[in-house]
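Chemist: Let me see the structure of the following:
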Amino acid sequence: MIATLSYAVDAARAGLTSAMLRSHDGACTIPCATTAILRGSSRAISLPATWQRRSGPMVALIESLEPEYGPGKVFRPNRDIRFSKDKSPYKTNVAGYAGMGGRGGYLALDARGLTVAAGRYELTPAQLTKYRKRAAADTTGEPLAAIVAKLEKAGYSMGGEALKRVPAGWPQDHPRARLLRHKLIYIYRDFGLQPWLGSPAARKQVVKVWADAKPLNDWLQRNVG
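Modeler: Prediction:
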């Protein structure tokens, strides 16, 4: 495990390539940093054999979270290169989710370490309209601002595509202008490379992030649907 993490740090510094992702002198690469989290998985995934072997620990981790949070998925390794200058065919991380929406969230592992997130990565136009109305109203917006402030104080970051200006219909100096600019909203924590990545403690860290994010998910479920 130590060797694997050392390689991951070196790869991050050098700039990861698809070749690095596939092999490193026969040793496990990035996804294998989770090998000791949970071992084995019976789920069949239609992916290249190498990716199936190296994403297995992530699949097992997500499967272990499904009973508590809901159905999960490990994302395919292929990148959408249709509109990208970077034509590298494969992603340089292994990522997936369990639950999402009302509970659970997203997690990803790459050469820089583990990232865990929760909230909404997608909002329909109708949901976005509803979100902004609720964020603007004092009765519902103030509790949301308090939830976000508490999470940021605890060390989380807020993510989600945001506009440069408050959308039409609200003043630019609205007390929750920052929230109104968001088209998506989620919180996340980048753990980096930690000694516990190769142990069951990794699952505990995922569960803690999602537990801390429960007030945000609950607010979104009540106010956005």
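Chemist: surely residue 179 meets residue 135?
Modeler: Yes - Residue 179 is in contact with residue 135 according to CB atoms under 8 Å; the separation is 4.5 Å. Using the backbone N, CA and C atoms, a C-beta is placed for each residue, glycine as well.
Chemist: what touches both of these two?
Modeler: Common contacts of residue 179 and residue 135 (CB atoms under 8 Å, 6 or more residues apart in numbering): 141, 144.
Chemist: who has more neighbours, these two?
Modeler: residue 135 (25 against 22; other CB atoms under 10 Å).
Chemist: Tell me which residues touch the more buried one, please.
Modeler: Taking CB under 8 Å, 6+ apart as the test, what residue 135 contacts is 141, 144, 176, 179, 180.
Chemist: and the strand or helix carrying residue 106, what does it pack onto?
Modeler: Here residue 106, judged by DSSP states H and E, is contained in strand 103-110. Here strand 103-110 touches helix 49-69, strand 93-100, strand 113-120, strand 185-192, helix 201-212, helix 214-223, going by 3 or more CB pairs under 8 Å, 6 or more residues apart in numbering; DSSP states H and E.
Chemist: Would you reformat these as CSV and include distance to residue 156?
Modeler: Below are those laid out as CSV (distance: least, CB to CB, whole Å):
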stretch, distance to residue 156
helix 49-69, 18
strand 93-100, 17
strand 113-120, 9
strand 185-192, 4
helix 201-212, 7
helix 214-223, 9
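Chemist: quick one, which of these is nearest to residue 130?
Modeler: helix 214-223 (6.9 Å; CB to CB).
Chemist: Now do that closest one: everything it contacts.
Modeler: Outside helix 214-223, the residues within contact range by CB under 8 Å, 6+ apart are 101-103, 105, 118-120, 130-131, 134, 140, 143-144, 147-148, 150-151, 185-187.
Chemist: For it, buried residues please.
Modeler: The neighbour-count check on helix 214-223 (16 or more other CB atoms under 10 Å) flags 215, 216, 217, 219, 220, 223 as buried.
Chemist: One more: stretch 108-128?
Modeler: Within stretch 108-128, the residues that qualify as buried are 108-121, 123, 128, counting by 16+ other CB under 10 Å.
Chemist: And the furthest pair within these?
Modeler: Checking the buried residues of stretch 108-128 with CB to CB, the most distant pair is 111 and 128, at 33.7 Å.
Chemist: excluding its backbone neighbours, what's nearest residue 193?
Modeler: Nearest residue to residue 193 in three dimensions, chain neighbours excluded: residue 113, at 4.3 Å (CB to CB, 6 or more residues apart in numbering).
Chemist: For the one you found, list each beta-bridge partner.
Modeler: residue 110 (DSSP bridges).
Chemist: now it: how far from residue 122?
Modeler: Distance, residue 113 to residue 122, using CB to CB, to the nearest Å: 25 Å.
Chemist: just residue 217 next, same as before
Modeler: Distance from residue 217 to residue 122, by CB to CB: 14 Å.
Chemist: cool, residue 102 as well?
Modeler: Using CB to CB, residue 102 is found at 14 Å from residue 122.
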